[in-house]
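> after the sequence you'll find the predicted model.
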Amino acid sequence: MAITRLTDIITVFDSKWTYGDVKFGYDGEVNQDHDTQYPLMLVNPPESTIPVIYDGREEYSFEINFYNLYSQAAQSVVTLQKRWDNLQDLSNEWLDMVLKNYQDVTVEAYLNDESIEIERIKDTQNDKLVQIKLTFTMSAFTKCFRPVSSYPSDFAGLAVWLRADSGVTFDIPTKRVSAWSDKSGQGNDVAQATVSKQPLREGYGGQDDKAYFSFDGTNDGMISNSNSPTDTDFTIFEVSKMNEASKVLFSYDFEGRQIKMELNSSGNFTTKVNDGSIELISSTGVLNKGNNHIGVLAKGGKEINLKYYDSLNTITRNENNNDFNAGAIYNESSFLIGALDGQLQELIVYTRKLSDNEIARVVGYLNLKYKIY
């Protein structure tokens, strides 16, 4: 039973670390072949005890090390403590997602009280790295823990969840991205087969030193592998920095029915939805060029809502028209990400208009992660 339980736990650990490579092994094996994709999670083989043999549970004492690069070039643009803090953020989010996995399932697990320790390590292994060591004791098959964090997957209708820190297929030397897998569970992946049109993926250096995609503003773009999941109503969230006016971040276009999230010619963040004859437009009305931000487009019936957040602004706009065709659909063609000069870090799409409370909670997740405002 112990081997089966440990195998199950390690499988969950592996599946929830989506930011880079994961290894079950020993410290001396870190990047011994110099082919690691960072950030790296190394799970050391745990010690375990069965405290009460008839209780049906086992306690595992884990030591897990998290590594990320901190090369000399990086030191001129980001501080060592920031690189460490962001590595710790990833480790905390990973642990939270592991524990959420065991909330309401047959196989259950929880953390033993007062068992978590976090340690920062100064010098380590074969590369110039920063390291976080996380130690804790986990009891398998007993329910106790109740996480409180909100994630996009907690809300119904999630259809697309694209994250620059997860599910990316890219060429390590050139950083060119060929595929980006959807983490919503709905399989709405995006890709770009033409090398000259592939954006670049940076593992750090974006807003709050997080991973991001870089688009050149000329021809870079990612196209959905299947039709857009949006129907008549939808909600779209994006985290980006757009450096040039008259560039589009997200778009859908089929027989005149359009969805766009863009900077207009004045450099204002703008959302548009067209039913084929009537266009609803909402704009912030202020210069947003070059600002890291969270942008939201929500459509319900004959109305669209824009929400925008950056370090200086929190803006809400509404636009409606009684003649707008509320039944127009937006799922008969693919959607496009790109045609912008700037950075994209996250894109989330729901197949319904979320409530104001739900939007606030998704925005709260994004702001906690990227520290926009």
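It's in.
> dump the residue contacts of S246.
Each residue near S246 by Cβ atoms under 8 Å, 6 or more residues apart in numbering is listed here: 262-265. (Each C-beta comes from the backbone N, C-alpha and C, glycine too.)
> now do 10 Å
S246 makes contact with 217, 262-267, 339-341 under the criterion Cβ atoms under 10 Å, 6 or more residues apart in numbering.
> buried residues, the helix or strand harbouring L366. List them.
According to DSSP states H and E, L366 maps onto helix 356-370. Residues of helix 356-370 classed as buried by neighbour count (16 or more other Cβ atoms under 10 Å): 358-359, 361-363, 365-366, 369-370.
> for that helix, which helices and strands make contact with it?
helix 80-101, strand 234-242, strand 292-300, strand 303-309, strand 341-350 (3 or more Cβ pairs under 10 Å, 6 or more residues apart in numbering; DSSP states H and E).
> in a markdown table: the buried residues of helix 356-370, plus distance to L347 and pLDDT.
Converted to a markdown table, those look like this (distance: Cβ to Cβ, whole Å; pLDDT from 0 to 100):
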| residue | distance to L347 | pLDDT |
| --- | --- | --- |
| E358 | 17 | 97 |
| I359 | 15 | 98 |
| R361 | 17 | 96 |
| V362 | 12 | 97 |
| V363 | 14 | 97 |
| Y365 | 14 | 95 |
| L366 | 11 | 96 |
| K369 | 13 | 93 |
| Y370 | 13 | 95 |
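> return the member of these nearest to E255.
For those, the closest approach to E255 (Cβ to Cβ) belongs to I359, at 29.3 Å.
> was I right about that closest one contacting N305?
Yes. Proximity of I359 to N305 meets the contact threshold set by Cβ atoms under 10 Å, at 8.4 Å.
> anything in contact with each of the two?
Between them, I359 and N305 share these contacting residues under Cβ under 10 Å, 6+ apart: 235, 296, 298, 353.
> list the buried ones in the helix or strand where I281 lies?
In the assignment (DSSP H and E), I281 maps to strand 279-283. For strand 279-283, burial by neighbour count (16+ other Cβ under 10 Å) applies to 279-280, 282-283.
> stretch 15-28 now?
Using 16+ other Cβ under 10 Å as the test for burial, stretch 15-28 gives 16-20, 22-23.
> and for stretch 173-188?
176-177, 179-184, 188.
> ok, so of these, who is nearest V12?
Sorting the buried residues of stretch 173-188 by how near they are to V12, with Cβ to Cβ, puts K183 at the top with 15.6 Å.
> per-residue pLDDT of the residue minimising distance to the centre of the chain, please?
The structure's the chain has its C-alpha centroid closest to R163; by Cα atoms, centre = their mean the separation is 3.2 Å. With respect to pLDDT, R163 has a value of 97.
> separation between it and F213?
Between R163 and F213 the distance is 10 Å, computed by Cβ to Cβ, to the nearest Å.
> cool, V273 as well?
Distance, V273 to F213, using Cβ to Cβ: 24 Å.
> same check, this time on Q258
Distance from Q258 to F213, by Cβ to Cβ: 23 Å.
> these two - which one has more neighbours?
F213 (29 against 16; other Cβ atoms under 10 Å).
> my read is that the more buried one contacts G205, right?
No. The criterion here is Cβ under 10 Å, and F213 misses it with G205 at 11.6 Å.
> spit out the residues that contact these two alike.
Q343.
> hang on, the earlier thing: which neighbours do R163 and F213 share?
Jointly contacting R163 and F213 under the rule Cβ under 10 Å, 6+ apart are 180, 345-347.
> pick the one among the residues you listed closest to S76.
Q345 (21.6 Å).
> isn't the closest one right up against K369?
Yes. At 8.7 Å, Q345 and K369 qualify as touching, with contact defined as Cβ under 10 Å.
> give me the common contacts of these two.
Jointly contacting Q345 and K369 under the rule Cβ under 10 Å, 6+ apart are 163, 165, 207-208, 210, 239.
> show me the two of those that sit farthest apart.
Across these, the longest distance by Cβ to Cβ is 13.9 Å; it joins R163 and D208.
> between those two, what contacts are shared?
Common contacts of R163 and D208 (Cβ under 10 Å, 6+ apart): 345, 369.
> weed out the non-buried ones from the contacts of S246.
Applying 16+ other Cβ under 10 Å to these flags 217, 262-264, 267, 339-341 as buried.
> and of those, the nearest to G327?
Lowest distance from G327 to these (Cβ to Cβ) belongs to E262, with 24.8 Å.
> report the beta-bridge partners for the closest one.
Per DSSP bridges, the residues bridged to E262 are V248, T270.
> that one contacts S282, correct?
No. E262 is beyond contact range of S282, at 11.5 Å (criterion: Cβ under 10 Å).
> spell out which residues are contacts of both of the two.
269-272.
> need the helices and strands packed on helix 356-370 in a markdown table (columns: distance to S149).
Converted to a markdown table, the helices and strands packed on helix 356-370 look like this (distance: least, Cβ to Cβ, whole Å):
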| stretch | distance to S149 |
| --- | --- |
| helix 80-101 | 5 |
| strand 234-242 | 17 |
| strand 292-300 | 17 |
| strand 303-309 | 19 |
| strand 341-350 | 16 |
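> of all these, which lies closest to M138?
Comparing the helices and strands packed on helix 356-370 by their distance to M138 (Cβ to Cβ), the top pick is helix 80-101, with 8.9 Å.
> pull out the buried residues from that closest one.
Residues of helix 80-101 classed as buried under the neighbour-count rule (16+ other Cβ under 10 Å) are 83-84, 86-91, 93-101.
> N292 is in contact with Q343, correct?
Yes. In this structure, Q343 is within contact of N292 by Cβ under 10 Å, at 8.0 Å.
> that'll do, ta.
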